[in-house]
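> Okay, sequence plus prediction incoming.
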Amino acid sequence: MKQKRTHYEIFWEILTFCKKPKTFTSIINRCNLNSKIGQKHIEFLKKKQYLVETEDNGMTLLTSTEQAKEYLALFTKTYRELFDNSPEFKL
């Protein structure tokens, strides 16, 4: 049985997925979140300046920032130390 993901794992999944611009709906679907919880996570990441919103042809897109790279690297390193493997999230 798979354990429940932590907030940190969800942040990692969102930021990893958003290396290229993504819509809110695609993030929610791909990261397996409901919209209420997903919105809270995305707002937190935007407040920390790890995600940025852009407009493209009337669509709002979210993209990971340069600042997010440090979090991604630290999380991946810590995860590997704890579990002897990389976090899993197939893009």
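The structure has been received and is ready for your questions. Numbers count the residues shown, from 1 in each chain.
> Remind me which helix or strand the residue sitting nearest the centre point of the chain belongs to.
The residue lying closest to the centre of the chain (C-alpha atoms, centre = their mean) is Ile14, at 1.4 Å. Following DSSP states H and E, one finds Ile14 within helix 7-17.
> helices and strands around the helix or strand following that helix, which ones?
Next in sequence after helix 7-17, counting helices and strands by DSSP H and E, comes helix 24-30. On a contact count with 3 or more C-beta pairs under 8 Å, 6 or more residues apart in numbering; DSSP states H and E, helix 24-30 meets helix 7-17, helix 35-47, strand 59-64. No exception for glycine: its C-beta is placed from N, CA and C like everyone else's.
> deepest of the ones you listed, which one?
helix 7-17 (a mean of 19; mean count of other C-beta atoms under 10 Å).
> Let me know the angle separating it from strand 59-64.
Angle, helix 7-17 to strand 59-64, by axes from the mean of the first three to the mean of the last three C-alpha atoms, to 10 degrees: 110 degrees.
> Give me the mean pLDDT for helix 7-17.
Mean per-residue pLDDT for helix 7-17: 94.
> before we move on, back to that, the residue nearest to the centre of the chain contacts Ile27, correct?
Yes: the criterion here is C-beta atoms under 8 Å, and Ile14 meets it with Ile27 at 6.0 Å.
> in the biggest helix by length in the chain, what counts as buried?
Across the chain, the longest stretch assigned as helix under DSSP state H is helix 66-83. Buried residues in helix 66-83, counting neighbours by 16 or more other C-beta atoms under 10 Å, are found at Ala68, Tyr71, Leu72, Phe75, Tyr79.
> elements contacting it?
In terms of contacts (3+ C-beta pairs under 8 Å, 6+ apart), helix 66-83 is packed against helix 7-17.
> Contacts for the helix it packs on next, please.
Here helix 7-17 makes contact (C-beta atoms under 8 Å, 6 or more residues apart in numbering) with 5, 27, 30-31, 33, 41-42, 44-45, 50-51, 64, 68, 71-72, 75-76, 87, 89, 91.
> What about Phe24, how many residues nearby?
16 (other C-beta atoms under 10 Å).
> residues contacting it?
Contacts for Phe24 (C-beta under 8 Å, 6+ apart) come out as Ser35, Gly38, Gln39, Ile42, Thr60, Leu62.
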